[in-house]
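In: Here's my sequence, what's the structure:
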Amino acid sequence: MMTFHILVNLASRLGVFVIIAFLLSQTSTFKKLILKKEVSLGEKIILSIIFGSFGILGTYMGIPIYGALANSRAVGVIIGGLLGGPFVGALSGLIAAFHRWGIDIGGFTAIACSVSTFTEATLAGLIHRRFENGKIHWWFGFAVGTSMELLQMIIILTIAKPFSAAWELVKVIWFPMTFVNSCGIAIFILIIDNIFKEQERVGALQAQLSLDIASKTLPYLRKGLNELSAYKTAKIIYNKTDFDAVAITDIEKILAHVGRGEDHHKVGSYLMTKTTKNAIDSKNYKVAISREEINCEEPSCPLSSAVVAPLLECDKVIGCLKLYRIRPNSISSIDIKLAQGLAHMFSTQLELAKAENQAKLLAIAERRALQAQINPHFLFNALNTIISVSRKNSDNARQLLIDLSQFFRKNLSAGMEL
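Out: Okay, here's the model as predicted:
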């Protein structure tokens with residue numbers, strides 16, 4: 001009966017734990033930290049504090065039993081280790097373990113629980129290395145949670161004194177804590193998995209949008225980068241996205257600007273944005289997060305953030321694609337990926353247009369060279385033939401002269417059209 005009571009109470013308190021985890025997973029800051037492939041030391045410390053705080057929360061939500069606590073402290077730190085690796089696991093475990101040891105609810109298991117918390121988190125961090133290039137499934141999280149909680153029971157039996165009291169405690173709490181905390185870890189992993197699935201869905205939609213835009217801009221960009229093709233392209237992007245303004249430039253001036261600010265971001269104006277110049281110099285995208293970085297001379301300009309992606313032609317920058325928003329610091333990672341994808345496809349289209357144009361020019365040059373070689377010989381032979389025919393049949397000679405003149409007329413006309 002005691003075991004069932006602990007199981008029900010731990011499960012109900014885990015519900016609060018899961019709700020907090022779900023709300024945290026909806027914040028953009030937490031999503032960015034989870035989705036980043038390369039996490040800096042400072043970001044690892046932030047993650048450690050977050051998951052260590054979950055461990056502390058699990059302690060405070062514990063159920064007093066036999067002078068100890070049945071709790072969900074391990075859920076937060078094990079998740080920290082599985083997601084963040086050895087550093088995050090060890091540091092979050094240390095935070096929760098130090099808190100468990102230091103507060104005045106320790107009881108006779110304070111040291112044992114502190115040691116087990118740090119050990120579980122560190123081992124989870126080591127397990128993370130196995131999944132650095134893969135995905136952690138919920139059932140694996142459940143299995144890890146079960147193993148770690150059983151390890152905690154062993155540590156309690158080994159360190160806590162007296163042994164008889166530790167044994168009576170473990171007999172009552174081992175199943176509720178092992179089952180509920182393993183379920184909590186599995187649920188937390190499902191919540192994190194939704195973040196990745198959401199990112200994949202958004203990425204698929206962005207890829208579809210990029211291809212749709214590229215297919216509609218192809219007829220214009222095949223004619224090269226000029227004011228008309230830039231305007232048509234910017235207009236298509238503006239109509240198909242939620243950006244507040246879209247601009248396309250060459251390396252010196254604005255070729256097109258559609259949307260907010262087009263009353264003063266005039267076509268032909270020289271580039272003012274330092275971010276744009278940096279993108280051209282570095283051949284890489286740049287992000288402006290404030291009006292100061294956009295550096296518009298118009299005081300009433302509403303544009304407050306932008307992503308600038310260079311357009312390349314044979315590894316040479318020929319212009320930039322600029323996507324604007326009116327809110328400061330509102331360029332998301334999705335916006336950056338869209339800008340990069342569009343810039344890459346536009347660059348490819350412009351390179352193909354240049355190659356196609358060069359192929360036409362080459363064909364013209366070859367034809368003219370061939371004509372220059374053939375025409376003198378052809379004319380010489382044709383005139384000899386006409387002279388010979390004129391001796392015998394003047395009417396045939398006259399017809400040959402007419403045919404020859406028509407041939408040269410058509411030949412010259414074709415050359416002028418080329």
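
In: Quick check: the gap between Ala112 and Ile45.
Out: 27 Å (Cβ to Cβ, to the nearest Å). To be clear about C-beta, it is placed using only N, CA and C from the backbone, and glycine gets the same treatment.

In: More neighbours: those two, which one.
Out: Taking other Cβ atoms under 10 Å, Ala112 and Ile45 do not tie; Ala112 has more neighbours (26 against 14).

In: what helix or strand does the more buried one sit in?
Out: helix 110-128 (DSSP states H and E).

In: quick one: the very next helix or strand once past that helix to helix 110-128, angle?
Out: For helix 110-128, the following helix or strand on the C-terminal side (DSSP H and E) is helix 138-159. Counting by axes from the mean of the first three to the mean of the last three Cα atoms, to 10 degrees, helix 138-159 points 150 degrees away from the direction of helix 110-128.

In: Report the distance from the next helix or strand after helix 138-159 to the chain centre.
Out: Remark: after helix 138-159, the chain's next helix or strand is helix 163-221, criterion DSSP H and E. Centroid separation for helix 163-221 versus its chain: 17 Å, with Cα atoms, centre = their mean, to the nearest Å.

In: what's the model's confidence in the very next helix or strand once past helix 163-221, averaged?
Out: Next in sequence after helix 163-221, counting helices and strands by DSSP H and E, comes helix 227-240. For helix 227-240, the mean per-residue pLDDT is 91.

In: again, but for stretch 99-111
Out: 78.

In: Likewise for stretch 186-202?
Out: Here the average pLDDT along stretch 186-202 is 84.

In: Same question for stretch 116-134.
Out: The model assigns stretch 116-134 a mean pLDDT of 83.

In: in it, what counts as buried?
Out: Ser116, Thr117, Phe118, Thr119, Glu120, Ala121, Thr122, Leu123, Ala124, Gly125, Ile127, His128 (16 or more other Cβ atoms under 10 Å).

In: check contacts around the fourth one.
Out: Neighbour list for Thr119: Gly93, Leu151, Ile155 [criterion: Cβ atoms under 8 Å, 6 or more residues apart in numbering].

In: Phe4 versus that one, what's the distance?
Out: Thr119 is 29 Å from Phe4, by Cβ to Cβ.

In: Please apply the same query to the third one.
Out: Look at Phe118 and Phe4: by Cβ to Cβ, they are 30 Å apart.

In: now do the second one
Out: As judged by Cβ to Cβ, Thr117 and Phe4 stand 26 Å apart.

In: do the same with the fifth one
Out: When distance is defined by Cβ to Cβ, Glu120 is 25 Å away from Phe4.

In: One more: Ile65?
Out: 13 Å.

In: Give the rounded mean pLDDT of the host helix or strand of Gly15.
Out: According to DSSP H and E, Gly15 maps onto helix 2-25. Averaged over helix 2-25, pLDDT sits at 85.

In: what about the following helix or strand past it, distance to the chain center?
Out: Going down the chain from helix 2-25, the next helix or strand is helix 28-35, by DSSP H and E. Computed by Cα atoms, centre = their mean, the chain-centroid distance of helix 28-35 equals 12 Å.

In: hmm, who's touching helix 28-35?
Out: Residues contacting helix 28-35 (Cβ under 8 Å, 6+ apart): 24-25, 39, 43, 46-47, 50, 83, 192, 195-196, 199, 332-333.

In: Of those, which is the nearest to Arg73?
Out: Nearest to Arg73 among these: Ile50, at 14.5 Å, using Cβ to Cβ.

In: Looks like the closest one contacts Ala21 (just checking).
Out: No. Using Cβ atoms under 8 Å as the test, Ile50 is too far from Ala21 to be in contact (10.1 Å).

In: anything in contact with each of the two?
Out: Counting by Cβ under 8 Å, 6+ apart, nothing touches both Ile50 and Ala21.

In: any weak-confidence spans in the stretch 151-300 of the chain?
Out: Scanning the stretch 151-300 of the chain for pLDDT under 70 picks out no residues.

In: related to what we said a few turns ago, of the contacts of Thr119, just the buried ones, PyMOL syntax please.
Out: Buried residues among the contacts of Thr119 (16+ other Cβ under 10 Å), as a PyMOL selection:
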select buried, resi 93+155
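
In: Can you add distance to Asn226 and give the contacts of Thr119 back as CSV?
Out: Listed next are the contacts of Thr119 as CSV, based on distance: Cβ to Cβ, whole Å:
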residue, distance to Asn226
Gly93, 61
Leu151, 69
Ile155, 73
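
In: for the contacts of Thr119, which one is nearest Asn381?
Out: Closest to Asn381, out of all of these and judged by Cβ to Cβ, is Gly93, at 96.2 Å.
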